[in-house]
Structure formats: structure tokens, C-alpha cells
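**Q** compute the structure for the input listed below.
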Amino acid sequence: MLKVDPVCRGILGIMRNVDAVDARILLALDADPQATTVALADRLGLARNTVQSRLRRLEESGHLKEPSRRVDPAALGYPLLALITLSISQRVGEPTREGILRIPEVVELLVTTGDADLLARVVARDTTDLHRITNHLLEVPGVVRSNTTIVLMELQPLSVRPLLQRHTGP
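**A** Residues are numbered from 1 along each chain as shown. The predicted model follows:
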């Protein structure tokens, strides 16, 4: 089977959207991440092969993200969360992105519009550690300037559960 990068798959129109059955499976998995395929199938009234093939397709398409996204960085000793906007030299682009992503404390990197080019979600042990990480970011070739916002409290962590519930239909 030909492996196609998820970004290319979307561009080529190959990526299939999550349907109502997929959404039901994902909601059940969200409620019980330890559930076996058989348990999910029984709970949802679906054939085991259906659940298994749909989960495999969701993983291969990039719709089902890796389990490490569920780990709380605070449990690893990184309780401080900061959002850092970065302005970069447009001529350096890809090497700059690669340099930023080599910093392990950068847990998410987004391309943005507006005053900055990138938004980095960064975790740190404390403000001194955040200062060290910020300096590492500024040392990456192509990074022109940064602006840091410390997150005081996360009121609503990333959750697509309400969207999945809506997607299951009436």
C-alpha cells in the first residue's frame, strides 16, 4: 500500500473525513482509553472488524493522534506553560522551523498571521528555565524576535469531545 503524508493526502483529496460511526468510536475511546477493540465493539454494537479497521484508518490518515499528546507536561516536571510568538526571517523558513523543533520544550508550533509568523507552545520548569528556553529560541538562525506570554491557568484544555458529540448526529 502506498504511504502518503497526511498533509499531501489532504491536498490530493484522499483524506476521508470522520463520519458519525468514527465519532462514536472516538468518543468511546475517549471515555475509556484502555478499552480493547472487542470492548469498544460490544459497547457500540459494532463488529470488531469494523472498529479495528476504522481505528487503523483513523491512525493512518492522521486523524487519531499519538497517545503522548495526552501526557501532562507538569507530570514530567514542566508545570509552567508559555505561548511565545516568533518573528522569523522569511528567507530562512524551513531550517528555522527545524531548529525550533529541536528544542524539546517546544511542544507545539503553529504558523500564524498577524504581527508574528509562528506561535510556540512552550513548557518550562520555572521562569528561569523559561528564560533559558527563550534564549535558545532566539539563537535559532532566522528567529528575529520573540514575545512571551505566561499562561496563569488553563481554563479549558484542548478538547474536541463536544465536536465529536455533535458529529455523531441526532
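
**Q** could you grab the helix/strand/coil label for residue 87?
**A** In the three-state summary, residue 87 is assigned as strand, counting by DSSP: H, G, I helix; E, B strand; the rest coil.

**Q** surely it touches residue 120?
**A** No: judged on CB atoms under 8 Å, residue 87 makes no contact with residue 120 at a distance of 11.9 Å. In short, each C-beta sits where N, CA and C put it, glycine included.

**Q** the more surrounded of those two?
**A** Neighbour comparison, residue 87 and residue 120: the larger count goes to residue 120, with 24 against 15 (by other CB atoms under 10 Å).

**Q** from residue 60, how far off is that one?
**A** Residue 120 sits at a distance of 28 Å from residue 60 (criterion: CB to CB, to the nearest Å).

**Q** so residue 83 belongs to a strand, correct?
**A** Yes: counting by three-state DSSP, residue 83 is located in a strand.

**Q** what packs against the helix or strand hosting residue 29?
**A** Per DSSP states H and E: residue 29 is located in helix 20-31. Packing partners of helix 20-31 (3 or more CB pairs under 8 Å, 6 or more residues apart in numbering; DSSP states H and E): helix 37-44, helix 48-61, helix 161-167.

**Q** dump those into JSON lines; add mean neighbour count, distance to residue 19 and mean pLDDT as well.
**A** JSON lines is the format used below for those (neighbours: other CB atoms under 10 Å; distance: least, CB to CB, whole Å; pLDDT from 0 to 100):
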{"stretch": "helix 37-44", "mean neighbour count": "16", "distance to residue 19": "13", "mean pLDDT": "95"}
{"stretch": "helix 48-61", "mean neighbour count": "15", "distance to residue 19": "9", "mean pLDDT": "93"}
{"stretch": "helix 161-167", "mean neighbour count": "12", "distance to residue 19": "8", "mean pLDDT": "90"}
